[in-house]
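Chemist: Pasting the sequence and the predicted coordinates here, then a few questions.
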Amino acid sequence: MNKFLGRPDLKPTHPNDTKPGLNKIVMTTAQYGNQEVIMEKDVPIKMRDGITIYVNVFRPDKPGKFPVVMSMDPYNKDGLPPYDIFRQVWPTLGSIVTSLYTPFESPDPGFWVPNDYVLVKIAARGSSNSEGDLYPWTETETQDYYEVIEWAGVQEWSDGNVGLNGVSYLAMTQWRVAAMNPPHLKAIIPWEGTSDLYREWYFHGGIPETVFSSDFEKLLKGRWPNNNVEDMVAAQKEHPLLDEHWEERQVKLADIKVPMFVCASWSTQGLHCRGTFEGFKQASSKDKWLLVHGRKEWETYYLRESLEQQKEFFDYFLKGIENDWMDTPRVRYEVMEKFYKGHISNANEWPISQTLYSKHYLNGEKMSLQHTAVQNETTLNYNAEPGQTENSDLRFTFTADKDIEITGNMKLKLWVSADDTDDMDIFVGIKKYDRRGNEVFLPDFNHIENGQVASGWLRISHRELDTERSTPYQPVLKHKRLLKLNKGEIVPVEIEILPSSIFLNSGESLVLVLKGSDIIIDDNPTGSRGYGHHDTVNKGTHSVYAGGVYDSFLLVPVIPKRD
């Protein structure tokens with residue numbers, strides 16, 4: 001019988017019926033029906049300091065040595081897929097189908113084991129029944145990962161080739177351990193993972209992120225109430241600048257040398273978007289590929305199309321199968337047109353070398369964006385205090401007179417001042433409107449369906465640039481000291497706008513939005529949101545200066561039309 005047809009005559013084993021030790025189970029898979037699998041539950045591995053880490057091992061029910069697919073996180077290695085529960089809060093998650101043995105954001109053993117891989121699920125230190133304290137993204141956690149990789153590489157069921165795979169936290173841990181280059185680690189698939197906690201998660205342009213950070217903290221402490229879990233929200237308040245607390249958690253991306261298949265998305269702008277692109281750009285790996293989509297994170301990861309691409313990559317680098325993987329374009333990205341509609345384009349590198357960067361100057365008289373410098377000076381004001389509805393933002397419009405693809409990082413240069421305070425938080429949105437003047441919404445996070453093209457943020461006191469790391473199209477901030485405003489002081493600032501890709505048909509418009517609070521408002525009736533910023537410094541009005549000596553402009557990455 002073809003193994004992929006499954007065994008409908010066998011009764012599936014529920015995960016709750018498994019016990020520590022060796023289990024011969026029948027797993028109902030999403031792709032291959034019922035499959036017989038060996039599960040070794042709660043396998044203990046002693047770490048260098050005497051702490052015991054526990055893992056679950058799923059392997060084919062037959063003799064042989066197999067490559068290993070591995071992931072690590074603190075969520076719950078024995079947890080059932082949580083997405084049906086999540087839908088009670090976020091009903092718009094999309095279609096996510098896995099076996100019952102697939103913990104949150106993890107590779108599905110129901111896909112990998114029938115394809116002759118061993119799957120190892122690691123419970124991070126301080127989670128599940130792994131001993132020790134739970135301090136995320138530290139050197140201690142990363143060293144644990146290294147040691148488990150090396151342990152797996154010499155087990156009797158292992159052929160010595162280990163690959164890493166997983167989403168979000170599970171991608172973030174991959175960056176860290178891959179930078180240590182464990183000998184048995186042969187390839188990684190970081191699927192949407194932050195690589196700079198300060199710039200990409202806990203602070204956005206220096207503005208504290210207060211919604212997702214708090215939800216994450218509650219999730220870990222609620223799941224492991226009897227364990228010592230680091231208080232990252234308290235750390236965020238105690239470390240508002242990029243000091244040693246955050247530097248320890250930064251990844252030395254240039255040290256990564258293993259082959260990598262990276263997936264990024266335009267649609268996790270407040271979390272994983274920037275860091276995934278940075279991981280791909282900065283890694284020293286000779287063999288690296290980037291796939292970019294504009295859809296929902298978990299739904300896309302578990303799509304059969306995505307799984308087959310992951311398998312083809314691992315088949316080549318872990319099994320040594322001479323397939324067509326090396327013919328895969330180094331960069332494939334989805335150019336978004338509207339919600340869940342786009343087309344795939346290819347490139348040889350990121351950023352795309354053919355990019356033409358076009359300045360669009362702010363015209364305060366016409367509230368437009370124009371290609372030529374604006375002669376007349378204007379001063380524009382908006383009420384920056386949160387909760388305001390009158391005069392609460394500024395909007396500048398550019399209408400395409402031909403079809404245009406915009407792909408990459410935009411940059412915003414502004415001249416600004418604040419009348420009533422010595423600091424200010426600016427929120428930047430890039431939106432698309434159709435020919436009839438209707439906003440074109442895009443996915444954001446895993447559940448938001450009224451997202452925009454791209455986002456940017458800046459707390460003005462954090463405006464000092466890291467000139468060594470900044471480029472003409474991507475400003476990078478130091479975050480080492482505060483530069484407060486003097487009364488009446490007008491200052492130039494450069495704001496990084498996160499990577500995006502959008503197609504404008506002739507007659508469609510791009511709109512730049514400036515505001516003093518979050519631009520995307522999630523109307524979820526449960527009140528649960530993606531990310532947010534409830535601790536702003538804004539008071540009174542903000543002033544924006546354009547024209548004349550005030551060369552405020554939006555730098556737009558235009559991709560030339562291809563033959």
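Modeler: That came through, no problem.

Chemist: Helices of the stretch 51-200 of the chain, residue ranges please.
Modeler: With DSSP state H, counting those that start in this stretch as the criterion, the stretch 51-200 of the chain has helices at 83-86, 109-112, 139-152, 169-178, 197.

Chemist: Including mean neighbour count and mean pLDDT, could these go into a markdown table?
Modeler: All C-beta atoms are positioned from the backbone trio N, CA, C, and that covers glycine. Formatted as a markdown table, the helices of the stretch 51-200 of the chain follow (neighbours: other Cβ atoms under 10 Å; pLDDT from 0 to 100):
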| stretch | mean neighbour count | mean pLDDT |
| --- | --- | --- |
| helix 83-86 | 14 | 86 |
| helix 109-112 | 26 | 98 |
| helix 139-152 | 20 | 98 |
| helix 169-178 | 27 | 98 |
| helix 197 | 23 | 97 |
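
Chemist: Please convert these to a markdown table, extending it with distance to His360.
Modeler: As requested, those are arranged in a markdown table below (distance: least, Cβ to Cβ, whole Å):
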| stretch | distance to His360 |
| --- | --- |
| helix 83-86 | 39 |
| helix 109-112 | 45 |
| helix 139-152 | 43 |
| helix 169-178 | 34 |
| helix 197 | 32 |
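
Chemist: Out of these, flag the one nearest Lys515.
Modeler: Lys515 lies closest, by Cβ to Cβ, to one member of these: helix 197, at 25.3 Å.

Chemist: ok so, going back, out of the helices of the stretch 51-200 of the chain, the one nearest Ile122 is which?
Modeler: Taking Cβ to Cβ, helix 139-152 is the member of the helices of the stretch 51-200 of the chain nearest to Ile122, at 5.4 Å.

Chemist: Next, the angle from that closest one to helix 169-178.
Modeler: In terms of direction (axes from the mean of the first three to the mean of the last three Cα atoms, to 10 degrees), helix 139-152 departs from helix 169-178 by 80 degrees.

Chemist: now what about helix 139-152, what contacts it?
Modeler: For helix 139-152, the surrounding residues in contact (Cβ atoms under 8 Å, 6 or more residues apart in numbering) are 45, 47-48, 51, 53, 55, 68, 70, 72, 118, 120, 122, 124-125, 132, 135, 158, 162, 164, 173, 176-177, 180, 182-185, 248.

Chemist: cool, stretch 105-117 as well?
Modeler: By Cβ under 8 Å, 6+ apart, the residues outside stretch 105-117 that reach it are 3-4, 27-32, 35, 37, 58-60, 64, 66-69, 71, 73, 75, 98-99, 101-102, 119, 121, 165-170, 298, 301-302, 307, 311, 314, 318.

Chemist: can you tell me which of those are in strands?
Modeler: Counting by DSSP state E, the contacts of stretch 105-117 place 27-28, 35, 37, 58-60, 66-69, 71, 73, 119, 121, 165-167 in strands.

Chemist: Name only those of the residues you listed that count as buried.
Modeler: The neighbour count (16 or more other Cβ atoms under 10 Å) marks 27-28, 35, 37, 58-60, 66-69, 71, 73, 119, 121, 165-167 as buried among the ones in strands among the contacts of stretch 105-117.

Chemist: any idea how far Arg176 is from Lys46?
Modeler: The gap separating Arg176 from Lys46 is 21 Å, by Cβ to Cβ, to the nearest Å.

Chemist: okay but Glu312 is in contact with Asp324, surely?
Modeler: Yes - using Cβ atoms under 8 Å, Glu312 is in contact with Asp324, at 7.4 Å.

Chemist: between these two, which one's more packed in?
Modeler: A side-by-side neighbour count of Glu312 and Asp324, using other Cβ atoms under 10 Å, places Glu312 first with 16 against 8.

Chemist: which stretches of the stretch 451-563 of the chain form helices?
Modeler: Going by DSSP H, counting those that start in this stretch, the stretch 451-563 of the chain shows no helices.

Chemist: what residue ranges in it score low on pLDDT?
Modeler: 522-529, 563 (pLDDT under 70).

Chemist: can you check the chain too?
Modeler: In the chain (pLDDT under 70), the answer is 1-3, 522-529, 563.

Chemist: how does it divide up, domain by domain?
Modeler: In terms of domains, the chain is parsed into 3-195+251-319, 356-559 (source: automatic domain parsing).

Chemist: among the ones you listed, which is nearest Met336?
Modeler: Met336 lies closest to domain 3-195+251-319 among the domains of the chain, at 4.2 Å (Cβ to Cβ).
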